[in-house]
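Participant: Quick one, structure for this:
(2 chains)
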Amino acid sequence: MMKTIKTPTFIHYLDNDSIYSRLGFFFKFLIFIVISIFGLMSQNLFLNFLISFILFSLITLTGFTRARKSQLKGLLFPIILFSSFWLLLSRVEGGILIVAYPWGSFVTQRTLEMMFLAISKWFLILFSGLFFLIITSEEELIDFFNSLRFPRNFIYMVSIAFNTVGFAIRDLETIEHALLSRGFKLSGVVSRLKKMYHISSVSLLSNLNKIDTMNQSFVIMNDSKSKIYEQKLSLEIKINELTYEGKEKPTIKNLKFNIREGTVLGVYGKTGCGKTTILKTISGITPNIQPSKFKGSIKVNGEKASFEQIIDLISFGFQEAENQFIFNRVSREILSRLSTDLERENARKLIEYFGLKRIFSKSLRDISTGQRKAIALVLVLSRNKKLIILDEPTSNLDDEYKEKFLSYLKNIKKDKIIIIATHDKEIIKACNRFLFFDEDIGTWKYLKKFPQSFFKFSPSTKKYNQKFTQDLISFKNVSYKFPDNTLALKDATFDIKRGEIVGIVGKNGSGKTSLVNLMVKRMEPTKGNVEHHSKIEKIGFIHQEPQKQLFTNSIKNEIIFGSNKKYYLENELIEIMKKTELDRLGNEHPFFISRGQKQLLLISSILATRPDIIVMDEPFTGIDMNMSAKILKLISEIHKEYTPTIIMTDQNGEMIDNIITKKIILDRGMIKNN
Amino acid sequence: MKERGQVAYFNHFILLGVIAGLVALLDFIGVITFPVGFFGVSSAFYIGAAFFTAFAIWFGLYGLLAIYIGLLIGAIIAGTFTIFAFVLALGNVFGAAVPMIVFKKGNLNIELKNTKDYIGYFISSTLGQSVLSGFWTIYGFSIFGIIPPEAINVALSGWVFGDIVVSLIIGIPLLKLVSPVIKRTSLYKKKFL
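Facilitator: Residues are numbered from 1 along each chain as shown, chains lettered A, B, ... in the order given. Below is the predicted model:
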């Protein structure tokens, strides 16, 4: 098989002519298995550490030393590590004093031996794994597992488990911060247990969402044979009624339209009108994966299509990018999900086209939400399929990525059908047919021209003339670097006054989220000083992923949760729900509403707690423009009522320009204006 | 239908992967935040206990399998993995199996709607889950020489008391809040498989 993307698995210093490249994959794998089994079974502490030492030395000689250009320096670390452990073990009696303290008298000599044995085994298995990864190329590994169905799925399962832990550990801090942002007070054991309960249950719920999306994505994107559909494609879609299980009212009814090759269909409608459901029904996800009652038919070239036939035709991009990922690394995800040379070649070209080469070897957790979205798009577009379905493909994407995406669509649309559900008016340029939800009559319309009235909205026309004088936050030469040394912010100097509405505008990965985190002291700067001039009692923080910030089992309870008022007046609650149109959803569980509705609910809930500072990180993602305008109006009303300081981030500032009193433009961590 | 079989096939291993990941996370939190025990299988106020019960009730035998895999992965992540973890982790699996059997055989409502459901949950999560998992693990520790025999009673009472507190404070709201969601997804297993 031709290898199109050469990616060493762990470290980038594996040469093609190195001795390891000449060894067969199975031989390398055998070494790994033998050492691992030995590590699991062995009860000999000294032997475990000795083999670990040899392996680590080989690892440093192969990988690290080339980076550091000094073999001696590379060897120093394992030698120090080995000697320290041995020193600790030889003074095990002294070690008891340190290690035994938390457990008091329960610790025995045997306990300590067991602990050290565990550590030695852990090192041995870790180093044998690292050694195996360093001498194996990623393609070798993935192609091997892809060729074996059961082990492949088992490996995927373990990968999903590790990936879930990784994302969940990262999310714990976000969920905890969201909980504190909602006014959750921490005092006493019961309160701590409650906090742990809230954090764990929200983590569980957001992962249930993940299971659903991942499962749908995996089934729909699983066709590894990559059958190329030769005929010209036409689709006849007839949805008489689609009702989700557990719901009484149908989400979609009486929708019928035909499309053929060369069509780019834009599906437009207000938040929660059923855009995603239409996409899922066309692709067969409902009712084949997601339980629902479906009356109607999907015909391909005049014949009723089975789910399996549709899978062969389709490439589907889901709204929430990170829920589709199985592996933790960009390269691994792309190589494992794309099995043919053609698809991998397409992916390589797309990665270069989108300028994603620099993040190709990074962990999916360490890149921005927009970059994750771009990677998800690469996966979908690389597949050589006739029918491409995309759900909110441009949400979280900056203008540059968006422009590239749109011109790519124009190039590939000729022999494909592309269906896009979106709120983005830029996408209209790429579409030649529209499916439009007419709110006035409550039905879907199939149109050749887009009704321009849909985007006629007035965010908030009134500019503030008010002068804000009291200093609140000052940045003095603030810089921030991520642990991997990537620069997020450089020499930022500016002031924020109490009561200002600040807009932070910048592309994906420009440092917007880092800047707001530094403002509210969620992160400490690596250089410079962030000063809060007066005590900030309460910060309401809206993070980018709404599903990780909703804590109760109904919309009503969610708005009340964390509110200052002990008993919310029924009419006040109804007023808030009416303003954001959440009253239409009744007492639905927040898990089952759309992403845009979740975002609305979250914003309403935070505003109800009346914080001193309201921080909103890309608050309008997934929300239609009319609704965004209503939210801006609500923000404006709240600002007039008690003048909180409001900080908002946005990709291009278009939505927030009319409301903000100060704008900070960020470009690759540098402030471009002040 | 062929495609339905395929759907179920993927569904299960993704479910196993994600739930095992969550178990590993809970195990990691348990070990890191309340390091009262050893080797990733023991801790007082071990919040995982409440979740394991819920996972078993919701996902049946898949839940049990995920708990087992997750505990081993959790021990690896926490750096406390030994060969004994293969045996000791079974304590939590058998413990979680008791409420699962009680709920499925006794036709109890997983949303805890009436007194019968509450009694069933309380008995199965205390006598069943806490005591069985406690006995298995603490005696396991003792047999493997990790704790001395004279520490068994203290460790066991700590284990059972911690698990009861966690089952009541976390387990009940968890079942009440999340069960309605689980019931409406294809992940819920009415029977054991």
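Participant: Now A:Leu235: closest residue in space, sequence neighbours ignored.
Facilitator: Excluding its sequence neighbours, the residue lying closest to A:Leu235 (Cβ to Cβ, 6 or more residues apart in numbering or on different chains) is A:Ile259, at 5.2 Å. Where you see a C-beta, it was placed from the backbone N, CA and C, and this is true even at glycine.
Participant: What is the neighbour count of the one you found?
Facilitator: 22 (other Cβ atoms under 10 Å in any protein chain shown).
Participant: which SS class is it?
Facilitator: Following DSSP: H, G, I helix; E, B strand; the rest coil, the label given to A:Ile259 is strand.
Participant: go on, A:Gln319?
Facilitator: coil.
Participant: what separates the residue minimising distance to the centre of chain B from chain A, distance-wise?
Facilitator: When chain B is reduced to its mean C-alpha position, the nearest residue by Cα atoms, centre = their mean turns out to be B:Phe52, at 2.2 Å. Per Cβ to the nearest Cβ, to the nearest Å, B:Phe52 is found 12 Å from chain A.
Participant: doesn't B:Ala97 make contact with that residue?
Facilitator: No - B:Phe52 lies out of contact with B:Ala97 (Cβ atoms under 8 Å); the separation is 9.7 Å.
Participant: wait, what's in contact with A:Ser363?
Facilitator: The contact partners of A:Ser363, by Cβ atoms under 8 Å, 6 or more residues apart in numbering or on different chains, come to A:166, A:328-330.
Participant: Now restrict the residues you listed to buried residues only.
Facilitator: Buried members of those, scored by 16 or more other Cβ atoms under 10 Å in any protein chain shown, are A:166, A:328-330.
Participant: Same list, those, but as JSON lines with distance to A:Asp312 and secondary structure please.
Facilitator: As requested, the buried ones among the contacts of A:Ser363 are exported to JSON lines (distance: Cβ to Cβ, whole Å; DSSP: H, G, I helix; E, B strand; the rest coil):
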{"residue": "A:Gly166", "distance to A:Asp312": "33", "secondary structure": "helix"}
{"residue": "A:Asn328", "distance to A:Asp312": "29", "secondary structure": "coil"}
{"residue": "A:Arg329", "distance to A:Asp312": "28", "secondary structure": "strand"}
{"residue": "A:Val330", "distance to A:Asp312": "27", "secondary structure": "helix"}
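Participant: Columns pLDDT and distance to A:Lys445 on top of these, output as CSV?
Facilitator: Shown next, in CSV, are the buried ones among the contacts of A:Ser363 (pLDDT from 0 to 100; distance: Cβ to Cβ, whole Å):
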residue, pLDDT, distance to A:Lys445
A:Gly166, 78, 44
A:Asn328, 79, 43
A:Arg329, 81, 44
A:Val330, 86, 40
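Participant: which of those residues sit farthest apart?
Facilitator: Across the buried ones among the contacts of A:Ser363, the longest distance by Cβ to Cβ is 13.7 Å; it joins A:Gly166 and A:Val330.
Participant: Quick check: mean pLDDT of stretch B:145-162?
Facilitator: Across stretch B:145-162, the average pLDDT comes to 81.
Participant: and what of stretch A:252-263?
Facilitator: Mean predicted lDDT for stretch A:252-263 stands at 91.
Participant: next one: stretch A:518-538
Facilitator: For stretch A:518-538, the mean pLDDT works out to 86.
Participant: swap in stretch A:177-197?
Facilitator: What stretch A:177-197 shows for mean pLDDT is 77.
Participant: what's the answer for stretch A:500-508, then?
Facilitator: Throughout stretch A:500-508, pLDDT has a mean value of 88.
Participant: What residues of stretch A:431-450 count as buried?
Facilitator: Residues A:431, A:433-437, A:444, A:450 are the ones in stretch A:431-450 that count as buried (16+ other Cβ under 10 Å).
Participant: In JSON lines: the residues you listed, plus secondary structure.
Facilitator: Formatted as JSON lines, the buried residues of stretch A:431-450 follow (three-state DSSP):
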{"residue": "A:Cys431", "secondary structure": "coil"}
{"residue": "A:Arg433", "secondary structure": "strand"}
{"residue": "A:Phe434", "secondary structure": "strand"}
{"residue": "A:Leu435", "secondary structure": "strand"}
{"residue": "A:Phe436", "secondary structure": "strand"}
{"residue": "A:Phe437", "secondary structure": "strand"}
{"residue": "A:Trp444", "secondary structure": "strand"}
{"residue": "A:Phe450", "secondary structure": "coil"}
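Participant: So among those, where is pLDDT lowest?
Facilitator: For the buried residues of stretch A:431-450, the model is least confident at A:Phe450; its pLDDT is 82.
Participant: what's near enough to touch it?
Facilitator: Counting by Cβ under 8 Å, 6+ apart, A:Phe450 has contacts A:266, A:268, A:428, A:431, A:434, A:436.
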